[in-house]
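Sequence and predicted structure below; questions after.
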Amino acid sequence: MSTPAPDSAPFDPHAFPADLIAALRAHQATLPWSREPHDGWPEETERSREHPGRPATPGWTAAEAAEAAEAAEFDRLLDELRTATAQVQCHPWWERCAAEGIKGADMAAARQALKYAEGAVPLGRGDVETAA
């Protein structure tokens, strides 16, 4: 994938391309958010700050927990994680950020912000409202 040509608008390192968000979402969608069953918690707003909620999760099944303990399963999951990590960390977006002068703490902040970018998390607010 080629890096888009710069335009006259100031560069925003948090304006992530859709394929980068999709790569992160695809990996996260395969994982339960908790190994143990959990009831989740509601979304709250406290002093104008939103605290996102979590839906209930059944956690891992007994079979999933047993498989995870096996070395072959661990190796498979580790390889899958390496592939997903390379897809996200080596995405051309980060080269574009560097070319635009984003570095150091600003680059780290942009990478952290990707985790919370609209569409990056498999179950977003809109998904919860639709399901309810």
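It's in.

Check which helices and strands the longest helix seen in the chain sits against.
The helix of greatest length in the chain, counted in residues with DSSP state H as the criterion, is given as helix 71-89. Other elements packing on helix 71-89 under the criterion 3 or more C-beta pairs under 8 Å, 6 or more residues apart in numbering; DSSP states H and E are helix 18-28, helix 62-69. Just so you know, the C-beta spots here come from the backbone N, C-alpha and C atoms, and that holds for glycine as well.

Now do that helix and helix 62-69, the angle between them.
Orientation check (axes from the mean of the first three to the mean of the last three C-alpha atoms, to 10 degrees): helix 71-89 against helix 62-69 gives 80 degrees.

among the helices and strands packed on helix 71-89, which is nearest residue 113?
Among the helices and strands packed on helix 71-89, the nearest to residue 113 by C-beta to C-beta is helix 18-28 (11.1 Å).

Identify all contacting residues around the following helix or strand past the closest one.
Using DSSP states H and E, the helix or strand that follows helix 18-28 towards the C-terminus is strand 44-46. Strand 44-46 has contacts (C-beta atoms under 8 Å, 6 or more residues apart in numbering) with 50-51, 53.

This completes my enquiry, with thanks.
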